[in-house]
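>>> fold the stuff below for me.
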Amino acid sequence: MIPAADAGDAAAQRELGLLFLELTQPERAAHWLHLAAAQGDANAMQWLGKLHARGEGVELDEAQAIAWIKKAAEGGHIIAQRQVAELGL
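The predicted structure is shown next:
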């Protein structure tokens, strides 16, 4: 998975980020999730928004959290769409 992530595969980057979350390494998780999100991976965007909302592995930043969750919703992520609707964004 690491070679694919290093080569720019967004799905591999997302999965590596989620693996680092499970391993309680949020900084490393945020790094890989950001790379995947920057390529349009809606699932990574939603997770990155969640990390910003919690200040986990990244700076606590409500504006960034909302921005990433909105992008995820626009990308078709169902949970993010529900979050946007519930928050009235």
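
>>> give the contact list for the closest residue to Ala44 other than its chain neighbours.
Of all residues beyond its chain neighbours, the one nearest Ala44 is Ala36 (3.6 Å), with distances taken as CB to CB, 6 or more residues apart in numbering. Glycine gets a C-beta too; all of them are placed from N, C-alpha and C. Ala36 sits next to Ala10, Ala11, Gln13, Arg14, Gly17, Asn43, Ala44 when contact means CB atoms under 8 Å, 6 or more residues apart in numbering.

>>> kindly report the same for Gln81.
So Gln81 contacts Ala73 (CB under 8 Å, 6+ apart).

>>> then Leu16?
So Leu16 contacts Met1, Ile2, Ala5, Trp32 (CB under 8 Å, 6+ apart).

>>> before we move on, back to that, which element is the residue nearest to Ala44 on?
Ala36 is located in helix 26-38, with elements delineated by DSSP states H and E.

>>> so after that helix, what's the next helix or strand?
Toward the C-terminus from helix 26-38 - assigned by DSSP H and E - lies helix 42-54.

>>> list the buried ones in the next helix or strand along the chain from that following helix?
Where DSSP H and E defines the elements, the next helix or strand beyond helix 42-54 is helix 62-74. Buried residues in helix 62-74, defined by neighbour count with 16 or more other CB atoms under 10 Å: Gln64, Ala65, Ile66, Ala67, Trp68, Ile69, Lys70, Lys71, Ala72, Ala73.
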